[in-house]
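> fold the following.
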Amino acid sequence: MHALYSDHHGWLFGWLRKKLGCSDHAADLAQDTFVQLMSAAQPVAMQEPRAYLTTIARRLVFASWRRRDLEQAWLAELAALPEDVAPSPEEKAIVLETLLAIDSLLDGLSHKARTAFLMSQLDGLTYQQIATELGVSASRVRQYMAQALTCCYAAL
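Predicted coordinates for the structure are as follows:
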């Protein structure tokens, strides 16, 4: 691991810095890439270490972008609330943490399955309404919901 880190950390950091345009964020994600590699249950035999590191780093970049987008959407919703009903800083942190946990939980689902689940649970739409909105059949919505609920039960 030491040899892998010393041979490739500088390259990975440079690649991330170029991709992200931010040295601090690139440094964090480069470290997170190696932490994820070290925390793997089984050691990985790599024939192409840079390709493997790039794959891990890309996933982390996408996750950070998704987290940022989710956080910005939440902050935009908060800004629209009147001040007298705005949640406290502690409540904001709890809700954001919960949103990120739900996002992580539903990460393995397709976009349509995730959207169907959220439309059902958050908007209270019926399967037929969701089907119309997504342009699929109601039976397909039932399949999406089964997939989502399976993810939820697996997390318990």
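
> hey, let's count contacts and neighbours off CA atoms from now on
Noted.

> what separation do you get for the residue most central in space within the chain and Gln143?
In the chain, the residue lying closest to the centroid (Cα atoms, centre = their mean) is Ala63, at 4.2 Å. Look at Ala63 and Gln143: by Cα to Cα, to the nearest Å, they are 26 Å apart.

> repeat that for Ala155.
Distance, Ala155 to Gln143, by Cα to Cα: 19 Å.

> quick one, which of the two is more surrounded?
When neighbours are counted by other Cα atoms under 10 Å, Ala155 and Gln143 differ, and Gln143 comes out ahead with 14 against 8.

> quick check: mean pLDDT of stretch 142-150?
Here stretch 142-150 scores 93 as its mean pLDDT.

> same question for stretch 97-112.
84.

> for that stretch, C-alpha coordinates in CSV please.
Output of stretch 97-112 as CSV, limited to C-alpha atoms (Å, rounded to 0.1, in the frame of the first residue of the first chain):
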residue,chain,number,x,y,z
GLU,A,97,-28.0,14.2,7.2
THR,A,98,-31.3,12.3,6.7
LEU,A,99,-31.5,13.4,3.1
LEU,A,100,-28.0,12.2,2.4
ALA,A,101,-28.7,8.9,4.1
ILE,A,102,-31.8,8.4,1.9
ASP,A,103,-29.9,9.4,-1.2
SER,A,104,-27.2,6.9,-0.3
LEU,A,105,-29.8,4.2,0.4
LEU,A,106,-31.4,4.7,-3.0
ASP,A,107,-28.1,5.0,-4.9
GLY,A,108,-28.3,1.6,-6.5
LEU,A,109,-31.7,2.3,-8.1
SER,A,110,-32.3,3.6,-11.6
HIS,A,111,-33.3,7.2,-12.0
LYS,A,112,-36.9,6.3,-12.7
